[in-house]
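Colleague: Structure for the following, please:
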Amino acid sequence: MVKRYEPSGDEARINVTPLLDIVFILLIFFIVTATFLREQGFEIETLVECTGDDCGGRAPPIMLLAIQEDGFVRVNNIRIIDPASVKPVVQEFIAREPNGMVLVSAAPDSESGVAIQVMDLASAGGARVKISLQEEQ
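Modeller: Here you go, the predicted structure:
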């Protein structure tokens, strides 16, 4: 004859309330002691038209880097370059015009990663960088 196990009412049970208390205390501890990093991005400046005496004299020379839909960059509407070769072009411009400014103009259908790469390389070339968006046609 096989003896079957029948649970009785006197069995010990595991109380999970203290375990939950410890988990919540650890959660609060980690939230309070966590350090939140503020990542530094880049500051976007847009080109603002100045009127009258707001300009402060003569406007600085500007190099236009127009990002096309195909990902290439048109320099001053004259020549087309690869986005990776923006830095030497900007360095050459800044060597000629130390007070010069670079205007990055992105086409509406261009990739944002290309615009950020061009802005980053232009900044690394030593230029003050402004950004604008081309109007849809």
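
Colleague: can we go C-alpha only for contacts and neighbour counts from here?
Modeller: Fine.

Colleague: where are the low-confidence patches of this structure?
Modeller: 1, 7-11, 40-58, 136-137 (pLDDT under 70).

Colleague: all strands for it, in order.
Modeller: For the chain, applying DSSP state E gives strands covering 62-67, 73-75, 79-81, 101-106, 128-133.

Colleague: is it possible to export those strands to CSV including mean neighbour count?
Modeller: Output for the strands of the chain, formatted as CSV (neighbours: other CA atoms under 10 Å):
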stretch, mean neighbour count
strand 62-67, 23
strand 73-75, 21
strand 79-81, 13
strand 101-106, 23
strand 128-133, 18
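
Colleague: how about those strands in JSON lines, adding distance to residue 119?
Modeller: Converted to JSON lines, the strands of the chain look like this (distance: least, CA to CA, whole Å):
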{"stretch": "strand 62-67", "distance to residue 119": "9"}
{"stretch": "strand 73-75", "distance to residue 119": "11"}
{"stretch": "strand 79-81", "distance to residue 119": "14"}
{"stretch": "strand 101-106", "distance to residue 119": "7"}
{"stretch": "strand 128-133", "distance to residue 119": "7"}
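
Colleague: Okay then, goodbye and thanks.
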